[in-house]
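[1] Model the following, please.
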Amino acid sequence: MALPFEKWISEQRFPEEATDLLNEGIICYKAGAYRAGLLFSYLGFEKVIKNRLLVAKRPDNVIEGAWESIQRDVNNDAIWEETVFDTVTGFSNMPIFLQDNKKREEMNRHLSYWRDRRNDAAHAKENEINNAHVETFWTFMQSNLPKLVVRGSRVAILENIERHFDHRFTPEGTDFSHIIQQIKHSLYEEDLLSFYQDVQGIFEEIDPFFTVIKNDEMNKFWDELFKLGDPFSRQLVQYFKSEKGAEVFEAFIGEYTHRIALFYEDKHFIYNLWYEKIKNFEDPYKLLATLLRNNLIEDRSKETAINKLILNLNNKIPSDSIDFITLVENGYLINFRKLVFGIGDDVSTLVNDFGWGNKNLKPVRYYLFNSGLDKEVVQSLCRVFQSQPYPNKMCANLKDFFNKNGELKDEFKNIAKDLGISPPKDLGFDE
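    Residues are numbered from 1 along each chain as shown. Predicted coordinates:
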């Protein structure tokens, strides 16, 4: 059975040499060789930091000569360990990793302790090294490696993003996981909101219509950031809720609708999403179904939300059966019948509304084909289309529908006959 630490390593995409050392440490730990387990784990930890120093660009606060010296020394087998240690704990005037003096002092104490334990293990000193030491060091690694990132790499990451998504330089569909890892290991939480805005600016320059016409790669990029978890996902939620990030949010959430669950804490944002912004979504069914499945709409508001959906269908029909079942369970068909055909007391008839009726041709056909006819629906259609004025496009749409569905056309005639009314000629019932 894999240890939790093994699972964590598999998710990190560390350099191969660091991963090999960490895996050797795990093998030794499982065999009861705790000194070797701690030694290999410590060396794997330092190899990760060594690699970050090698691949990073020079931080703005570090002079060129000092940076060149660091990168040269971490490649020297005789002094690389000492160089990594000194780089993390020293350089108080030009910090490379931790900017806060107190955090750097705390890290210095932790690393000094673990370097001493590493020496105990390597040189067979009298101090005991047991399983608890190895497990505690692993916990230290998991807690602190995310903090040990080279500052000043932001410009380089943005340059990599720009070059990757510009298909004059990089073929479409090329893997960008390395960029995600750079972000993960190079940015602090306080940098993220402005970083996301910079990324949006790059995307807008490359594809000015990426928030209007779906760009799969760019949407996938945002989703990979969500997969990083906190603080990246939490800050991305905040950015998408901002005025600047709103357009990106709508383009993204239209494709990755399940991510809406991450916004659950802001009830006002969720309410406004279905009450007002639903009209902006290419697939409003999916949006509302996802909100309902995640219990993000209060019971008292569900009917209103369903009605908002019906008012903003944008001539779309359900594309997903599970979404449609969710909507039906929450009253979609009942409310559609009521609003569109004017069935009930003091209810307007959307099928006779020129704006809605001339636009939403497909949803009406979809309803009639799947739910069929009844006396109230037939009576409503006879009343609306018996004579002008009525929405001409909807009239032509229904005439075409009944001509192509002979059984429903015959059923319409029979119901109309039972009601003692004449089927509308304008819907093709004189032919």
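[2] which other residues reach the lowest-mean-pLDDT helix or strand in the chain?
    Lowest mean confidence among the helices and strands of the chain (mean pLDDT, DSSP states H and E): helix 177-186, at a mean of 79. Applying CB atoms under 8 Å, 6 or more residues apart in numbering, the external contacts of helix 177-186 come out as 13, 52, 55-56, 146, 149-151, 153-154, 156-157, 160-161, 164, 195, 224-225, 228, 232. Quick note: C-beta positions are derived from backbone N, CA and C, even for glycine.
[3] which outside residues touch the next helix or strand after it?
    Next in sequence after helix 177-186, counting helices and strands by DSSP states H and E, comes helix 192-206. Residues from elsewhere that reach helix 192-206 (CB under 8 Å, 6+ apart): 154, 157-158, 161-162, 165-166, 183, 187, 210-211, 215, 218, 221, 231-232, 235-236, 238-239, 242, 244-245, 248.
[4] Now helix 192-206 - C-alpha only, PDB.
    Taking Å, rounded to 0.1, in the frame of the first residue of the first chain, the C-alpha atoms of helix 192-206 are listed here in PDB:
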ATOM      1  CA  LEU A 192      -1.700  35.900  -7.700                       C
ATOM      2  CA  LEU A 193      -4.400  38.400  -8.300                       C
ATOM      3  CA  SER A 194      -2.200  40.800 -10.300                       C
ATOM      4  CA  PHE A 195      -0.600  37.800 -12.000                       C
ATOM      5  CA  TYR A 196      -4.000  36.500 -13.200                       C
ATOM      6  CA  GLN A 197      -4.700  39.900 -14.600                       C
ATOM      7  CA  ASP A 198      -1.500  39.900 -16.500                       C
ATOM      8  CA  VAL A 199      -2.300  36.400 -17.900                       C
ATOM      9  CA  GLN A 200      -5.700  37.700 -19.100                       C
ATOM     10  CA  GLY A 201      -4.000  40.600 -20.800                       C
ATOM     11  CA  ILE A 202      -1.700  38.200 -22.600                       C
ATOM     12  CA  PHE A 203      -4.600  36.100 -23.700                       C
ATOM     13  CA  GLU A 204      -6.500  39.200 -25.000                       C
ATOM     14  CA  GLU A 205      -3.500  40.200 -27.100                       C
ATOM     15  CA  ILE A 206      -3.200  36.800 -28.600                       C
END
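[5] Now do it against helix 177-186, angle only.
    Interaxial angle, helix 192-206 versus helix 177-186 (axes from the mean of the first three to the mean of the last three CA atoms, to 10 degrees): 150 degrees.
[6] Sort out which residues of helix 192-206 are buried, please.
    Residues of helix 192-206 classed as buried: 192-193, 195-196, 198-200, 202-203, 206 (neighbour count, 16 or more other CB atoms under 10 Å).
[7] again, but for stretch 258-268
    Those would be 259-260, 263, for stretch 258-268 by 16+ other CB under 10 Å.
[8] Summarise which helices and strands the helix or strand residue 397 falls within is packed against.
    Element membership for residue 397, per DSSP H and E: helix 392-404. Secondary-structure packing of helix 392-404 (3 or more CB pairs under 8 Å, 6 or more residues apart in numbering; DSSP states H and E): helix 361-371, helix 375-385, helix 406-419.
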